[in-house]
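S.K.: With the input below, show me the fold.
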Amino acid sequence: MDLDYDELMRIYRLEKNSPKHVEVEETFFEDLRKFFGKERQLYLQSLRDLTGSRATNFSNLKKIVEQIFSLREKKMLNKALVACRTGELENGQLAAEEKETLKQLLVILQKHQKILDEIIQGESKKQQAKEKKAVSIKLLQNVPAFVGADMKEYGPFQKENIVSLPPKIASLLTGRKFAENVKK
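M.R.: The predicted model follows:
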């Protein structure tokens, strides 16, 4: 998609008036870089030619780009906070760079959330170490990917594979006869 000043103004108006991200192409920031680069060249050329008509346009464009970025950034932070607390992430309408940033934000917020979890659950470090010891199990049938109680994704697993999983997840699979413990 080729960006132009009118399209940026449309995105800005929508972004300013909506609590959700305005849907943009995955390549939005790459397209924005190209458009802004062209406008910068035209601005610099106008300075060399001693015509100031482009200076105001470029200054306005810069402000609009900064505002769009700031609005989208705030919405991304809110989205990350909600996703961290609910475990539900909806990252449609984001550009590729924003999706990556959101993923990194979630990792940081989930680490931070563990502080609260430890306070509320009152788990000692010894208990945590016990839980982190993996259990080896052998799959008795194919198991599709699933999300465990710890909000981590496990699988998919193929029949006959031997995998190491947290005790609670391994117990769930063995209890449902999807797997059996591996004898050491």
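S.K.: all contacts plus neighbour counts: C-alpha atoms, from now on.
M.R.: Fine.
S.K.: Could I get the pLDDT score of residue 160?
M.R.: As predicted, residue 160 sits at a pLDDT of 91.
S.K.: give me every residue that touches it.
M.R.: Contact analysis of residue 160 by CA atoms under 8 Å, 6 or more residues apart in numbering lists 138-141.
S.K.: How is the protein partitioned into domains?
M.R.: 5-121, 127-181 (automatic domain parsing).
S.K.: what ranges do the helices span in the chain?
M.R.: 5-17, 28-48, 53-86, 96-121, 125-132, 167-175 (DSSP state H).
S.K.: mind checking which helix or strand of the protein has the lowest mean pLDDT?
M.R.: Least confident helix or strand, the chain: helix 125-132 with a mean of 54, by mean pLDDT, DSSP states H and E.
S.K.: For residue 180, the count of nearby residues, please.
M.R.: 18 (other CA atoms under 10 Å).
S.K.: Over to residue 90?
M.R.: Residue 90 has 9 nearby residues by other CA under 10 Å.
S.K.: which residue packs closest to residue 55, ignoring adjacent ones?
M.R.: residue 43 (6.1 Å; CA to CA, 6 or more residues apart in numbering).
S.K.: From residue 4, how far out is the one you found?
M.R.: 15 Å (CA to CA, to the nearest Å).
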